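1. fold the following, please.
(one chain, ligands or ions: 1)
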Amino acid sequence: MTAEQLDVAKRFIDYHTKEYGFEKANVEFRLGKIEQLTDDPGLKTNSFDVIVSNCVVNLSPDKKKVLQQVYEILKPGGEFYFSDVYADQPVPEELRQNKVLWGECLSGAICVSDLISGALDAGFTQPILVSKQPIGVNNDELQKLLGAIKFTSCTYRLFKNKPAEESTSVNDKFGALVTYQTPIIHYENEFQFSQAITFKLNSEPQYLNTELVKMLRLSRYSEHFKFDSITDEKQIPNVTEQVIDQPVSNEQSSSSCCCCPGTC
Ligand SMILES: C[S@@+](CC[C@H](N)C(=O)[O-])C[C@H]1O[C@@H](n2cnc3c(N)ncnc32)[C@H](O)[C@@H]1O
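-> Numbering: from 1, shown residues only. Presented below is the predicted three-dimensional model:
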């Protein structure tokens, strides 16, 4: 983000305030780097419910620091909901130094395994995959440089869970049956928690395994759900294993998920 980009954003505050029917602006723009959120823009620790980002983390020179900083400024229970570009193998240093590939949001991409370790090291829960699509590189010259490296556009939820003692004492060692019972604003009919799990309001409860139920119980969404712990192993429904990651779909990335190379 540059000062010039910020000036453009600021010029449109009044327009959007009127367009969305607010009396006063409800946004504020601050200049800063995503890996220095508590420094330059002076964002306070434990102060945000949700942080969203689209196609910025890959451009940061220090992804681990991004995750640490985002974790620090989220409130307990808060969520980092973000789309970005991932590579299926480490991108060699000479490609990372290529300014065009970097600017196209390709050579700064990390592997999902690095996202997982960075997230866990920062204190987040296991990343929850919400969507994943392959990215095509529609430029022969760039494709030649990239060789066999494949890219995907993925959206993940990372939760900064509340401390366990803040919730009632529960035993979810066999998981729980979970009902979506109080609507989340804008998701009145259904709520897509992950690529594999969509809750329908006041519909059949869904089984969540121990790890997922803990994540949801200690997240900002918990008050919208009813949790019925499973007390006997024999009551665990016969569901396929609830994996956190999912195979890639065949659809190519659309701009709603993340930016596409060649559009930056
Ligand atoms: C691909 S664009 C995405 C912009 C916007 N999020 C969107 O969805 O349209 C990447 C943006 O990240 C900004 N950027 C690059 N490195 C950054 C960093 N370290 N911290 C914050 N922003 C950065 C760039 O200036 C650019 O505006």
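2. tell me the phi and psi of N202?
-> For N202, the backbone dihedrals are phi 50, psi 40 (criterion: degrees, to the nearest 10).
3. next one: T17
-> Main-chain torsions, T17, degrees, to the nearest 10: phi -60, psi -50.
4. looks like it contacts K10 (just checking).
-> No: with contact defined as CB atoms under 8 Å, T17 does not reach K10; the gap is 11.9 Å. Yep, even glycine has a C-beta here, placed from its N, CA and C like the rest.
5. list the helices and strands the strand of greatest length in the chain packs on?
-> In the chain, assigned by DSSP state E, the strand with the most residues is strand 74-87. Helices and strands in packing contact with strand 74-87 are listed as strand 48-54, helix 63-73, strand 128-135, strand 151-159; criterion 3 or more CB pairs under 8 Å, 6 or more residues apart in numbering; DSSP states H and E.
6. would you mark the buried spots in that strand?
-> L74, G77, G78, E79, F80, Y81, F82, S83, D84, V85, Y86, A87 (16 or more other CB atoms under 10 Å).
7. three-state assignment of the residue of the chain most remote from its centre?
-> Among the residues of the chain, the one whose C-alpha is farthest from the average of all C-alpha positions is K234, by CA atoms, centre = their mean at 33.9 Å. Under the three-state scheme (DSSP: H, G, I helix; E, B strand; the rest coil), K234 adopts helix.
8. check contacts around the spatially closest residue to K132 that is not a sequence neighbour.
-> Taking CB to CB, 6 or more residues apart in numbering as the measure, K132 lies nearest to C154, with 4.7 Å between them; neighbours along the chain are not counted. C154 makes contact with S83, D84, V85, Y86, V112, L129, S131, K132, Q133, C257, C258, according to CB atoms under 8 Å, 6 or more residues apart in numbering.
9. from the ligand, how far off is the second one?
-> Taken as CB to the nearest ligand atom, to the nearest Å, the spacing of D84 relative to the ligand amounts to 10 Å.
10. quickly list what that residue is bridged to.
-> C154 (DSSP bridges).
11. can you read off the pLDDT for it?
-> pLDDT for D84: 98.
12. dump the residue contacts of it.
-> With contact taken as CB under 8 Å, 6+ apart, D84 is in contact with S53, N54, C55, V56, V57, N58, A109, S153, C154, C258.
13. how much space between the residue farthest from the centre of the chain and the ligand?
-> Taken as CB to the nearest ligand atom, the spacing of K234 relative to the ligand amounts to 48 Å.
14. and what of K44?
-> Computed as CB to the nearest ligand atom, the K44 to the ligand distance reads 18 Å.
15. leaving aside the residues next to it on the chain, what's closest to that residue?
-> Counting by CB to CB, 6+ apart, the nearest residue to K44 once its immediate chain neighbours are dropped is I73, at 6.7 Å.
16. next one: S229
-> A176 (4.8 Å).
17. report the contact partners of K65.
-> By CB under 8 Å, 6+ apart, the residues touching K65 are E35, Q36.
18. kind regards, and thank you for your time.
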